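S.K.: below are the sequence and a predicted model; questions follow.
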Amino acid sequence: MLWRISDLIGYSVQATDGGIGAVSDFLIDDRAWDVRWAVIDTGAWLPGRKVLLPPTAFGDGDPERRAFPVDLTREGVENSPPLDADRPVSRQVEADLYGHYGWAPYWGGAHGMPAYYTPAAGAAGAVPPVATPVPLQGEADPAAPRPPGTAAAENREGDPHLRSANEVTGYYVQATDGDVGHIEDLVVEAGSWKTRYLLVDTRNWWPGRLVLIAPDWASDVSWAERKVLVDVSREKVKGSPEYDATKPIDRGYEARLHSYYDARPYWGGM
C-alpha cells in the first residue's frame, strides 16, 4: 500500500494506554529516501514537547480514525530522551532513543524495528538491556565518546542526512533540458517506509498535470539549491503514464510507469 505523506500529517499516535499526540513531520534519510522518524507533537499532554518515533514501530494505520497504534505506554514515551526542537537530530540522539526503547537501530541493519521492547517494561518506565548500536560501515560508533574538535564530535550536532519531509516538499525537479516542476508530495510504502515516488506538480510548465518520478531515477540531488535532477528530458516526463490523484496507485499503473522509464520494479521482476 502506498501513502501520500501529506495525508499522514495530523494522524494521531495511540499508545496502549491512550493518545500521545499527532504526527507533525517526518525525517527522511537522503541517502536512501527512507523515512527514519516521525515527529510527534504531544500537544496538551506534554505541552511544548515533541518526541521522535521510528514509523516502523507503528501498527497498521487506520484511515477512518486517522490514527496509528504503537506498542508503547504513555509513561515510556514521557520518559524518553528529550528532543531539542531547535537543534538538528544527531546520531547520538538517535542512539539514545533506540537504547531507551530497547529497539535495534536502523544502522545495525534492523531498519529500526522494535527488537526487545514489551508493554510491561514500558509500564514500569524501564527497558531491558540492549546490544550496543552498530555503526554504519566507515562510521564512528554512535555510543562512543567523542573528543572535542573532531569530525565525530561535529556529528553529534546533527545528522546532515536527515531531511524534513515538510522541507523537501517544494524542491524543484529539473530534467536534462529544463525544469519540470516542484515536489508536491512524497509517496511512501506502508511497512517498509521507503519513499517510492516524488509527486511532481508541473503547473508552471504544463498546467493541470501531476507526474510520479521515483527518487531512484534521480541522477543527483542538490540539497543546498533545493533541487532534484533527473536524467531524462522534459518530453520524456511529459509522455509518462498519466497519474490520477483521485485514485489509489495500483500495481498495474506502477508496472506501466517503470516500463516507460525502462526501470527495474522495486517489487521484483521486470
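M.R.: On my side now, so go ahead. Note that the structure is a prediction, hence the values are computed from the model and not measured. Numbering: from 1, shown residues only.
S.K.: after the helix or strand harbouring Val221 comes which helix or strand?
M.R.: Using DSSP states H and E, Val221 sits within strand 218-222. Counting by DSSP H and E, the element after strand 218-222 in chain order, helix or strand, is strand 227-230.
S.K.: for that next one, packing partners?
M.R.: Packed against strand 227-230, as judged by 3 or more CB pairs under 8 Å, 6 or more residues apart in numbering; DSSP states H and E, are the following elements: strand 172-175, strand 218-222. All C-beta spots, glycine's among them, are computed from the backbone N, C-alpha and C.
S.K.: tell me what the first one is packed against?
M.R.: The elements that strand 172-175 packs onto, with contact taken as 3+ CB pairs under 8 Å, 6+ apart, are strand 178-189, strand 227-230, helix 234-238.
S.K.: repeat that with 7 Å
M.R.: strand 178-189, strand 227-230 (3 or more CB pairs under 7 Å, 6 or more residues apart in numbering; DSSP states H and E).
S.K.: a markdown table please, covering these and showing mean pLDDT, distance to Glu94 and mean neighbour count.
M.R.: As requested, these are exported to a markdown table (pLDDT from 0 to 100; distance: least, CB to CB, whole Å; neighbours: other CB atoms under 10 Å):
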| stretch | mean pLDDT | distance to Glu94 | mean neighbour count |
| --- | --- | --- | --- |
| strand 178-189 | 96 | 19 | 20 |
| strand 227-230 | 94 | 25 | 20 |
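S.K.: avg pLDDT for the strand holding Val221?
M.R.: What strand 218-222 shows for mean pLDDT is 90.
S.K.: that strand: which residues count as buried?
M.R.: Using 16 or more other CB atoms under 10 Å as the test for burial, strand 218-222 gives 218, 221.
S.K.: pull the residues that contact that strand.
M.R.: For strand 218-222, the external contacting residues (CB atoms under 7 Å, 6 or more residues apart in numbering) are 30, 228-231.
S.K.: try it again at 8 Å.
M.R.: The contact list for strand 218-222, computed with CB atoms under 8 Å, 6 or more residues apart in numbering, reads 30, 198, 227-231.
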